[in-house]
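Asker: here is my input, please return the structure:
(one chain, ligands or ions: 1)
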Amino acid sequence: MTHRAGIYCRISRDRIGAGLGIERQERDCRELADRLGWVTIDTYADNDLSAYSGKRRPRYERLLADIEAGYLTAVIAWHADRLHRSPVELERYIAVCDRVGVPTQTVRAGHLDLSTANGRMNARITGAVARHESEQKGERVRRQKQQAQAQGRWIGGRRPFGFAIDGVTLRPTVEQLQAMHDRAAALYGDTVPTVDQLGKLADRLTAEADAIADASRRILAGESVRSVVSEWNRAGLTTATGAPWDGSKARQMLLRPRNAGLTGNRGRVLGPAVWDPIVDRDSWEALVALLGDPSRRTHRGTSLKLVGSFLYRCECGEPVRSGGQREDGKPRYACAVGHLRRLAEPVDDLVFKVVERLLVRDNVELIAPAADLAPLRDRLATLRVRSEEIAALFGDPDSGMTGTQFRVANERLQREIRTTEAELGRRSASSALAGIADAPNPSLAFRSASIDRQRTVIDLLMTVTLTRIERGRRPGGSYFDPATVEIVPKKQGE
Ligand SMILES: [Zn+2]
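Answerer: Coordinates of the predicted model:
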């Protein structure tokens, strides 16, 4: 059959530099049409210099209309990513082409098979990965900005517990505080505290940082958050805004990545910060594992059996949960409000495939190779031993070491320990992805990870939304319609 083909071309920023002007795309597409024996009857070209902006593409709309009208019986494009820029657009394209049975050929990737469930799944995975690449670029820029902000630039806002008002300085001296407050006075007209007040503030900030270190240690040793909280409240230690502590505030504060010298939020790591860690990284991670698991928090110890419970959402916005097994014994996800029930396995299968593709492709760059960290860890261990040796030396009356000598040596060592710890943090920008994305086989590492870990990774990389099956558009007899699972890769750190 000789097809009446429409050629679609799009120029956009996401491929600039790849030499993909409209003319080049069109020439390649025409050659492909000749090879296939198709007749090119129209060319549709959009100039779309901002990918994913959601801008309207008049020629693309025209293409879809011509497909629906039966004017075109086939589509040729340079690559599938020229045709659709987002999952939503892909679904629309699938719907239009599927209805009238129009095939799509691409110069770059051959036949874009949208007529089978498997083909559509592949198109979705490819689409999700392409979108993720484009967003990663934006993310990198944003992260650089954030880091610049963390580099001591005045950002205002509420002071984080344990840190001075610049959000960076730990255990500040009176002089450091004076400088910060002078700056605030110049910028915002704040009153500068007296030296006496600054002295008290310096003491308080030191006590706060010490409290974080102390509490982290004790909770890891088995003490409860509750007992730490009541001790703090008895001692008159308040939150940064002067409120008394409670369990959830304390837990939240103790899980801040900033305690380990990292930026990020809610136990999710963005990257290394410029400030020193209060708690070493291993301890902080152990604490996150102990206190931070969201499933444990909401369900008191019962571990979730389905990876997507309380993680995937229904189209109504409610999280889905395990929806019972029914007669066939297979687990299902169900909307809390009752909009939908969906077999869990095919949904998870699709999600896992996208996760694996993303892991293999992109995210290794977030994590330094583990081998690089060994020398730093060794260095840290050496410094700690030396610090103990110096203390022992000072304690030995025969050593002749004076108090001043000890203080100078010790301060230098402590400073070096802190920089090394910070450097270690910087290098091992861990996240739930460490040990998975950088594993020799990321797919295997992900599949064999605990369900909690998998949840964290999925949550880090994407949002998953289940939508209702449209009656009448259900592919012939197949039970699972992947079009009802919307996977949108996340900008990291939100
Ligand atoms: Zn719902």
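Asker: every contact and neighbour count from this point should use C-alpha atoms.
Answerer: OK.
Asker: local confidence estimate at residue 189?
Answerer: Reported pLDDT at residue 189 in the predicted model: 62.
Asker: revised request: answer the last question for residue 242.
Answerer: Note on residue 242: pLDDT of 87.
Asker: just use 9 as the starting number from now, easier for me
Answerer: I'll keep to 9 as the first residue from here, and by that count the last item is residue 250.
Asker: how many residues are close by it?
Answerer: The number of residues packed near residue 250 is 9, by other C-alpha atoms under 10 Å.
Asker: enumerate every residue touching residue 262.
Answerer: Neighbouring residues of residue 262 by C-alpha atoms under 8 Å, 6 or more residues apart in numbering: 220, 224.
Asker: and it, how far from the ion?
Answerer: Distance from residue 262 to the ion, counting by C-alpha to the ion, to the nearest Å: 34 Å.
Asker: quick one, phi psi at that residue?
Answerer: Backbone torsions for residue 262, taken as degrees, to the nearest 10, come to phi -70, psi -20.
Asker: distance of it from residue 15?
Answerer: 57 Å (C-alpha to C-alpha, to the nearest Å).
Asker: and for residue 110?
Answerer: With distances taken as C-alpha to C-alpha, residue 110 is found 13 Å from residue 15.
Asker: those two: which has the busier surroundings?
Answerer: Counting neighbours by other C-alpha under 10 Å for residue 110 and for residue 15 shows that residue 15 has the greater number, 26 against 20.
Asker: over to that one. Which of the three states is it?
Answerer: Taking DSSP: H, G, I helix; E, B strand; the rest coil as the rule, one finds residue 15 in the strand state.
Asker: does it touch residue 36 like I think?
Answerer: No. Between residue 15 and residue 36 there is no contact under C-alpha atoms under 8 Å: 10.0 Å.
Asker: list the buried residues in stretch 257-265.
Answerer: Judged by neighbour count using 16 or more other C-alpha atoms under 10 Å, the buried positions of stretch 257-265 are 258-259, 261-265.
Asker: roughly how far out does that stretch sit from the chain middle?
Answerer: 19 Å (C-alpha atoms, centre = their mean, to the nearest Å).
Asker: what mean pLDDT does it get?
Answerer: Over the span of stretch 257-265, the pLDDT mean works out to 90.
Asker: got any ranges where the stretch 59-208 of the chain has weak pLDDT?
Answerer: For the stretch 59-208 of the chain, applying pLDDT under 70 flags the ranges 59-63, 138-166, 192, 194-198.
Asker: residue in it with the shortest distance to the ion?
Answerer: Here the residue of the stretch 59-208 of the chain nearest the ion is residue 96; by C-alpha to the ion that distance is 19.1 Å.
Asker: show me what the helix or strand hosting that residue is packed up against.
Answerer: Using DSSP states H and E, residue 96 sits within helix 95-108. Helix 95-108 makes packing contacts with helix 66-76, helix 125-158, strand 493-497 when contacts are defined by 3 or more C-alpha pairs under 8 Å, 6 or more residues apart in numbering; DSSP states H and E.
Asker: the next helix or strand after it: how far from the chain's middle?
Answerer: Counting by DSSP H and E, the element after helix 95-108 in chain order, helix or strand, is strand 112-114. Relative to its chain's centre, strand 112-114 lies at 33 Å (C-alpha atoms, centre = their mean).
Asker: contacts for strand 112-114, please.
Answerer: By C-alpha under 8 Å, 6+ apart, the residues outside strand 112-114 that reach it are 37, 82-88, 119-121.
Asker: buried ones in whichever helix or strand comes after that strand, by neighbour count?
Answerer: As assigned by DSSP H and E, the chain's next helix or strand after strand 112-114 is strand 118-120. For strand 118-120, the neighbour count (16+ other C-alpha under 10 Å) marks residue 120 as buried.
Asker: again with stretch 68-76
Answerer: Under 16+ other C-alpha under 10 Å, the buried positions of stretch 68-76 are 68, 71-72, 75-76.
Asker: same check, this time on stretch 180-199
Answerer: In stretch 180-199, counting by 16+ other C-alpha under 10 Å, buried: 180-182, 185-186, 188-190, 192.
Asker: got the CA coordinates for stretch 112-120 in PDB?
Answerer: Only the C-alpha atoms of stretch 112-120 are listed here, as PDB (Å, rounded to 0.1, in the frame of the first residue of the first chain):
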ATOM      1  CA  THR A 112       4.700   6.600  12.200                       C
ATOM      2  CA  GLN A 113       8.200   6.100  10.900                       C
ATOM      3  CA  THR A 114      11.200   8.000  12.100                       C
ATOM      4  CA  VAL A 115      14.600   8.600  10.500                       C
ATOM      5  CA  ARG A 116      16.400   8.000  13.700                       C
ATOM      6  CA  ALA A 117      14.600   5.200  15.400                       C
ATOM      7  CA  GLY A 118      12.700   3.500  12.700                       C
ATOM      8  CA  HIS A 119       9.100   2.400  13.100                       C
ATOM      9  CA  LEU A 120       7.300   4.000  16.100                       C
END
